[in-house]
Every structure is written in C-alpha cells, then in structure tokens.
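1. Please find the sequence and the predicted model below.
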Amino acid sequence: MPGEILSATRPRHSGQSVSLSGRDGAELDHVEIVARAIETRGAVDSIAAPERVPRFPVAMVGSWPRPPEVLAALGERRALRLTRPAFERVANEAIRELIFLQERVGVDIVTDGELRRDDFVSFIADKVGGIQVMTPRMSEGINHPSCVGRLERREALAVEELRFVRTCTRRPVKVALPGPYLLTRSMFVPGLSRGVYDTDEELAADIVQLLRDELRDLAREGAGFVQFDEPGLAELVFAQGRKLTFTHAASLIRPDPGEELEFAASLLNRVVDGVAGVRTGVHVCRGNWSKNESVLLSGTYRPLAAYLERVRVHQLVLEYATHRAGDLVTFSGKELGLGVVNPRADRIEAPAEIRRAVEHALRMYPPGSLFLNPDCGFSAFAERPLIAQHRAVAKLQAIVEAARQLRARVMPIRTHLLSGAG
C-alpha cells in the first residue's frame, strides 16, 4: 500500500539532532537556528542509505520566503547584470541554510524552498525553448510561461537542483513541478501558439512528454517525492464567473467542468503512468497570492473528487487549515498531505489545534496515510512573500510538535522508507 511503504536513496548531514531551545529554555529564532545548524553541521556523504521517516511525516509543500540576498540576485540575474554561476553561488548558500533549518526544526521531507525560482511556474522559460514570459492583465500579476514556438527541453527543470540538495541532506527531498494542465492552460495563447501548435491538445502532448522525461530523470536521481502543482483545477469549480488567474485563453476551456477535469486527469496520468521508484502527488489549492481570504476561492473538494480519485498519483496535497476549504473529504487508496497551517496568516497555530485536526482526519484515513504540511508554499512568488520567515519557522515548529504528540498517542509507531510505490 502506498501509505505503508515509502522510499528513496538520499544523502544527509551527519550531525546529531539538536534541540530548538537555547540554554535558558527559550525558543530560538530563525537566525539562531540557522547559525547553530551551520555551526554543528558535519560532513555529507555523497551517497547514503535511505533515512527512515516516522509516522505522520512533516513535509514542506514547496516554496519559502526568499532571503534578501537571493531576491537581489534574482533581480540582477533578470537584468542580465549577474552571471548564472554567480547567481548559483548565492542561491546554493541560501539553500544550504534552509536545508539545515528544516533539519533542526524537525521537518521529515525537505525542499530547496524553490529559492532559485521567480515563481512556481514561469521559471520553466529558462529551461525550455519556445516559451516567453508574459503577465496577462487579469492574472493578479502572475507571470505566465506563454508558448511562442515548438517546445524544446534545453535542460532539465529541476534535476540539478535535486542533485545539489542531496549533497546537503539524507532526508527525503520533495521536488515541486507545475502540472501538465496548469502548463497547458497557462501556455496556449491562440494568437501566438497557433501555427506552431494548432490546438491546446497538441501542445499538451509535448508538455506531457516534457514532464514525463523530467519525472523519470528525477526518479533516477533519487527524488523522494515529486509533486505536481495544479491550482487551476480549483478555478474550474470554484471561480463561478470570476476571472481565471491561471488561464491565458478562457474561451478554450470546455463549458462542462467535468469534461475539462477529465482532460486534466488524462494529462497527469499520461505523465506518471509507468514511472516507478518515486512517490508522486498533486497539490490543489484555492489561491496563494493574497493575505485577504475574502478574495481567494472557497469551496469543498467534493466537486473535484471524481478527478482526484482517478489520478494515479500516491498522494493528494490539499489545503484544510482555512475555513474556505470546507469539510474533509475521504479519498480511498490515496495518501493525504493534510494542510494544517495557513501560510498566509500571521497567527501561529497551536500544536494542540493541529493535533485535533489530524485526529479528526484519523476517523477517515489510516495513520500511515497521513502526511502533515502547510496548506501551500510560504512564498509561491519570490517578490510577494505573505508572511515573514520567523513566522514560517514557528508554523513548522508547531506542526513538528503536533506530530511528536500524535506519534506518542497513536500506536504502534512505525517508520517508513520514502519512495515511490510500484
């Protein structure tokens, strides 16, 4: 069962676990945690045996607030005033610090925070030929990778990033990628794409192949988890006549949401089918660009249930820490990446509050199928972080403490290897 056996081969920092309290018992802030992590880190093996993760693994969804030096380097890189090697040196140091921070906090499945990316989707324009970045007027300022030529994979989307992270940690590494439906709807611009691709389905076929090649390469490189982001699915059922943030040409969307969801399901299944050795998931949220909950989409996952049941991924990474998500939905045969903290809210959720949310989920899911994570990334857009880093750290600490309490209460406690189930 996917919920029982998880695996991956990965390297890890060899230092011992260190408490997050200072000598006076006070909690350490972000700077202190990073400083102690760097001070106590040990040598890293190039290849190491899989590290087990406990029940109720704590995972990041993906992004993290970019440190000032990374933001500055991103800007200089976009302005062509900074070479790629110089940018990579800045990013690498920030990612090392973030990995050590996650280890100190107690995160079981780590990410690189997407620190190298401007956002969660348009970054592919740097890796794939035939793409130009545009910002449609109705897109909340979100950049779209728009198709202006035949797609050509000039380099891997995230393989080099994964290789670097695996030199910093033995913990399972999650890699987030834009999903095939998101890319198809973001990239197909009738006035630009036609002539190269006559239809969105034709473009989608090349996107599927692009992501399938990437998934295979990530599996070979030892990724523990590959997550496909599909926020556009929520718009299909929750937007109710509102503007579509993730779609260039709304006129191309099928009038029947069910037909459009079937199209989306078929694309993702074509990406993942037959690729073994890595855990796969899909992340669906209702928007992560504003602290104002009233402007974001609302609605239960029930209208998406038929699609989510049919996608052949191991895990559904869903937001449930906001009232906008409605009631918990059961998906048989799937793991649930349960969102337990709101990455947009300044309020720090209490561990007891998180524990109660998980205990409620345990009425519907076996313990081995529950992973704990924020509702979404902490900074999907590099220049628009929604909370400060120290608050993001505190939220992760709260999840880790809730998981510790749950492991003491829910017996028997097992450990898992993180990898893809065949």
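-> Arrived safely, thanks for sending.
2. quick one: the helices in the stretch 201-350 of the chain?
-> Secondary structure of the stretch 201-350 of the chain (DSSP state H, counting those that start in this stretch): helices at 232-238, 257-272, 305-310.
3. ranking these by burial, who's on top?
-> helix 232-238 (a mean of 23; mean count of other C-beta atoms under 10 Å). To be clear about C-beta, it is placed using only N, CA and C from the backbone, and glycine gets the same treatment.
4. if we can go back for a sec, tell me which of the helices of the stretch 201-350 of the chain lies nearest to Ala223.
-> helix 257-272 (13.0 Å; C-beta to C-beta).
5. Now do the buried residues in the lengthiest strand in the chain.
-> With secondary structure taken from DSSP state E, the chain has its longest strand at strand 144-153. By 16 or more other C-beta atoms under 10 Å, the buried positions in strand 144-153 come out as His144, Pro145, Ser146, Cys147, Val148, Leu151, Arg153.
6. quick one: low-confidence ranges for the stretch 1-150 of the chain?
-> Along the stretch 1-150 of the chain, the parts satisfying pLDDT under 70 run over 1-51, 136-141.
7. Going along the chain, name the strands of the stretch 1-150 of the chain.
-> 52-54, 128-134, 144-153 (DSSP state E, counting those that start in this stretch).
8. okay if I get the ones you listed as JSON lines plus distance to Glu202?
-> Below are those laid out as JSON lines (distance: least, C-beta to C-beta, whole Å):
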{"stretch": "strand 52-54", "distance to Glu202": "41"}
{"stretch": "strand 128-134", "distance to Glu202": "13"}
{"stretch": "strand 144-153", "distance to Glu202": "10"}
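9. which one of the ones you listed lies closest to Leu236?
-> Of those, nearest to Leu236 by C-beta to C-beta is strand 144-153, at 17.3 Å.
10. Put the alpha carbons of that closest one into PDB.
-> Output in PDB follows, covering the C-alpha atoms of strand 144-153 (Å, rounded to 0.1, in the frame of the first residue of the first chain):
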ATOM      1  CA  HIS A 144       2.600  33.100 -17.400                       C
ATOM      2  CA  PRO A 145       5.100  31.000 -19.500                       C
ATOM      3  CA  SER A 146       3.500  31.500 -22.900                       C
ATOM      4  CA  CYS A 147       4.100  29.200 -25.900                       C
ATOM      5  CA  VAL A 148       5.600  31.100 -28.900                       C
ATOM      6  CA  GLY A 149       7.500  28.200 -30.500                       C
ATOM      7  CA  ARG A 150       8.000  24.500 -30.600                       C
ATOM      8  CA  LEU A 151       8.900  23.300 -27.000                       C
ATOM      9  CA  GLU A 152      12.500  22.100 -26.600                       C
ATOM     10  CA  ARG A 153      13.900  20.900 -23.400                       C
END
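11. Would you mind getting the angle between it and strand 128-134?
-> 170 degrees (axes from the mean of the first three to the mean of the last three C-alpha atoms, to 10 degrees).
12. who's in contact with strand 144-153?
-> 121-122, 124-125, 127-136, 183, 186-189, 192-193, 196-197, 203, 206-207, 210, 213-214, 246, 248 (C-beta atoms under 8 Å, 6 or more residues apart in numbering).
13. residues contacting Arg78?
-> So Arg78 contacts Asp118 (C-beta under 8 Å, 6+ apart).
14. Quick check: the gap between it and Arg355.
-> 43 Å (C-beta to C-beta, to the nearest Å).
15. Equivalent analysis for Val226, please.
-> Note on Val226: its distance to Arg355, by C-beta to C-beta, is 29 Å.
16. who's more crowded, those two?
-> Val226 (27 against 22; other C-beta atoms under 10 Å).
17. just checking, Gly339 touches Ala321?
-> Yes. With contact defined as C-beta atoms under 8 Å, Gly339 counts as touching Ala321 (4.9 Å).
18. and for these two, which residues touch both?
-> Pro374, Asp375.
19. show me the contacts for the closest residue to Leu183 other than its chain neighbours.
-> Of all residues not flanking Leu183 in the chain, Ile207 sits nearest, at 4.9 Å (C-beta to C-beta, 6 or more residues apart in numbering). Counting by C-beta under 8 Å, 6+ apart, Ile207 touches Leu151, Pro180, Leu183, Thr184, Met187, Leu267.
20. so the fourth one touches Leu203, yeah?
-> Yes. Between Thr184 and Leu203 a contact is recorded at 6.1 Å, counting by C-beta under 8 Å.
21. what about Arg170, helix or strand, and which?
-> Assigned by DSSP states H and E, Arg170 falls within no helix or strand.
22. burial of it, as a residue count?
-> Arg170 - counted by other C-beta under 10 Å - has 21 other residues nearby.
23. what's the answer for the one 3 residues further on, then?
-> Val173 has 30 neighbours, counted by other C-beta under 10 Å.
24. so how far is Val358 from it?
-> Taking C-beta to C-beta, one finds Val173 at 24 Å from Val358.
25. Kindly report the same for Leu268.
-> 27 Å.
26. for Asp200, same thing?
-> From Asp200 to Val358 the distance is 40 Å (C-beta to C-beta).
27. Next: Val159.
-> 34 Å.
28. Looking only at neighbour counts, state which of the two leads.
-> Set side by side, Val159 and Val358 show more neighbours around Val358, with 22 against 16, by other C-beta under 10 Å.
29. Look at the closest residue to the more buried one other than its chain neighbours and give its secondary structure.
-> Excluding its sequence neighbours, the residue lying closest to Val358 (C-beta to C-beta, 6+ apart) is Leu406, at 5.7 Å. At Leu406 the chain is in helix, as set by DSSP: H, G, I helix; E, B strand; the rest coil.
30. so who does Leu406 touch?
-> Arg55, Phe56, Arg355, Val358, Glu359.
31. Any chance of those residues in JSON lines with distance to Arg391 as columns?
-> As requested, the contacts of Leu406 are arranged in JSON lines below (distance: C-beta to C-beta, whole Å):
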{"residue": "Arg55", "distance to Arg391": "27"}
{"residue": "Phe56", "distance to Arg391": "22"}
{"residue": "Arg355", "distance to Arg391": "20"}
{"residue": "Val358", "distance to Arg391": "21"}
{"residue": "Glu359", "distance to Arg391": "25"}
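32. Which one of those is nearest to Val165?
-> Phe56 (22.7 Å).
33. mind listing the helices for the stretch 51-200 of the chain?
-> Counting by DSSP H, counting those that start in this stretch, the helices of the stretch 51-200 of the chain are 68-78, 84-105, 159-166, 180-187, 190-193, 200-220.
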